[in-house]
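**Student:** Take this sequence and fold it.
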Amino acid sequence: MIRQSDWQHDSQYMAIVADLLIKPEVCKLKDITQHINSNRLDHSIMVSYKSYVLGKKMHLDYKAMARAGLLHDLFYYDWRTTKFNEGSHAYVHPRIALDNAKKITKLSKKEADIIVKHMWGATVAPPKYIESAIVSFVDDQCAIVEASIPFFKTKYAKLKFKFSGVS
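**Tutor:** Numbers count the residues shown, from 1 in each chain. As a prediction, this is how the structure comes out:
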C-alpha cells in the first residue's frame, strides 16, 4: 500500500516531477478542496505517484504517467458550483487542465492524451495509450478512497462507541 508520504522519499519520482511541484500554478491547488476530504494538490500527487509506480511495474512510460497525473486536474474553479455551456464538468475540466498545463510546461502527445482522457468512462472518447487508461483508473480509485474516508471514519467511530462497553 502506498502511503501519503512515500512519494517524497522516492528520488526518481521527485526528479521527474520536481520542476512541476515548484510551479505556483501547481502549488495553488493545495488551497482547493477536492473529493470532500482532500485538496486538489494532494489528490493530483497521489494520482501521479500511484500511476508512476504502476507504470514502472508494467514497463510503461512512467515518466509521462507521473507528469500528466500531476497535471490532470490543473483547474481552479469549484466543480460543485461552476457550470459550463460547453458540457459537463467531466467533459470540460480535462480540456481546461490541458490548456493550463501547456502554459507551464511542454507536453508530449501521450501526456496530453493522459490529461484530456482522464475522465474516460464519464466521457466517451477512449484513450489512445494504455498509460492514459491506467491514469484514468487510478484517478477513479483515488477519488473513491478520498470521498469514502469521512464515511468510514464516521462508521468506525460509531461502531467503536457502540462496542466500547462490551467486555
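**Student:** Let me see the ranges of the strands in this protein.
**Tutor:** Here the chain has its strands, by DSSP state E, at 33-34, 38-39.
**Student:** Counting neighbours, what do you get for the residue lying closest to Lys102 once chain neighbours are set aside?
**Tutor:** Among residues not flanking Lys102 along the chain, Ala112 sits closest, at 7.8 Å (CB to CB, 6 or more residues apart in numbering). For glycine as for every other residue, the C-beta is placed from the backbone atoms N, C-alpha and C. Using other CB atoms under 10 Å, Ala112 has 18 neighbouring residues.
**Student:** thought Ala112 was touching Ala97?
**Tutor:** No - when contacts are counted by CB atoms under 8 Å, Ala112 is not listed as touching Ala97 (10.3 Å).
**Student:** pLDDT below threshold where in the chain?
**Tutor:** Where the chain drops to pLDDT under 70, the residues are 1-4, 35-37, 79-80, 82-85, 87-91, 150-167.
**Student:** Where do the helices of it begin and end?
**Tutor:** With DSSP state H, the ranges of helices along the chain come out as 11-21, 24-27, 40-57, 62-71, 89-104, 109-116, 130-163.
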